[in-house]
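A.B. asks: test case, fold it:
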Amino acid sequence: MIQQKSGSALNDVTMKRRAVYTALQPFFDMKQVLEALWHWEDNYASDHKTSIRKFINEICVGDMKDKANAMYHNLMLNLQDRNIELDEDPYSLMLAYRGGKLQFAEPKSEKLLVLTPPMVVFNRLLQGFMEQLASIEHYYEFKVREYVGENVGEYSHELDLQQVNEIRVWMKYREGELEYNYNPKQMSRVLHLLYIAACEFFGPTVADKCLSQAVNAVERIPEARQFAPKQIL
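C.D. replies: Prediction:
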């Protein structure tokens with residue numbers, strides 16, 4: 001007979017799982033994150049004397065050893081600071097992965113040494129759209145980015161693994177530029193997901209206005225003469 005966990009114990013297990021999930025994403029691709037989460041779930045989740053350092057050392061092998069200290073401190077911060085916004089519980093995603101229901105595309109793209117005109121347009125359009133939303137309400141702009149980061153994996157049949165991970169990281173920190181090459185259809189999928197999130201948190205009227213302003217601004221940059229932003233709307 002399986003012993004049922006109390007509500008408080010279950011909440012603690014869930015919180016720790018969310019903390020691990022949030023802490024590992026900047027360092028691993030999604031498949032590696034899910035493997036590490038199952039290692040945590042199978043060996044550490046129910047241990048009240050959990051050794052965080054031991055867990056980190058076990059998942060940081062090879063080239064990842066150099067990142068063990070940063071990963072350890074990131075995880076400890078997530079576990080201890082209740083003001084940190086943790087990602088949603090990944091347990092359903094973990095079950096889908098273990099059940100073989102997730103498909104991870106083989107890497108198909110490499111980072112561009114120099115951004116092409118279409119990628120410059122794509123980056124400026126995403127950045128401009130987010131800046132417009134942030135100028136209205138920073139918290140909801142954060143929620144939009146969070147929504148996209150959590151749901152972009154649904155397009156893994158159209159985006160390769162590196163692109164999905166790159167979008168997740170960019171949406172989390174909104175720093176730098178997307179450096180992998182996206183074709184117009186892939187750009188459109190990402191922008192569409194971003195637009196859906198904006199409609200969810202700001203409403204369609206505001207989403208339409210912000211996107212229109214972003215498009216108008218991008219149309220004025222030199223690269224738009226070679227690749228019009230409306231090609232990905």
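
A.B. asks: residue contacts, the residue nearest the centre of the chain?
C.D. replies: Residue closest to the average C-alpha location in the chain (C-alpha atoms, centre = their mean): R168, at 2.3 Å. Residues counted as contacts of R168 (C-beta atoms under 8 Å, 6 or more residues apart in numbering) are 25, 30, 149, 152-153. In this view, the C-beta of every residue, glycine as well, is placed from N, C-alpha and C.

A.B. asks: rerun at 7 Å
C.D. replies: 25, 149, 152 (C-beta atoms under 7 Å, 6 or more residues apart in numbering).

A.B. asks: and it, how far from M71?
C.D. replies: 17 Å (C-beta to C-beta, to the nearest Å).

A.B. asks: same check on N123?
C.D. replies: Distance of N123 to M71, given as C-beta to C-beta: 28 Å.

A.B. asks: who does the helix or strand of the chain with the lowest mean pLDDT touch, helix- and strand-wise?
C.D. replies: Lowest mean confidence among the helices and strands of the chain (mean pLDDT, DSSP states H and E): helix 7-24, at a mean of 81. When contacts are defined as 3 or more C-beta pairs under 7 Å, 6 or more residues apart in numbering; DSSP states H and E, helix 7-24 packs onto helix 30-43, helix 68-80.

A.B. asks: what's the average pLDDT for the longest one?
C.D. replies: Throughout helix 30-43, pLDDT has a mean value of 92.

A.B. asks: next: stretch 110-118.
C.D. replies: 87.

A.B. asks: flag the shaky bits of the protein, pLDDT-wise.
C.D. replies: 1-10, 48-50, 103-109 (pLDDT under 70).

A.B. asks: re earlier: which residues touch the least confident helix or strand of the chain?
C.D. replies: 5, 33, 36-37, 40, 45, 71, 74-75, 78-79, 86-87, 89-91.

A.B. asks: which ChimeraX command selects the buried ones in these?
C.D. replies: Listed next is the ChimeraX selection for buried residues among those, using 16 or more other C-beta atoms under 10 Å:
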select :33,36,37,40,45,71,74,75,78,79,86,87,90
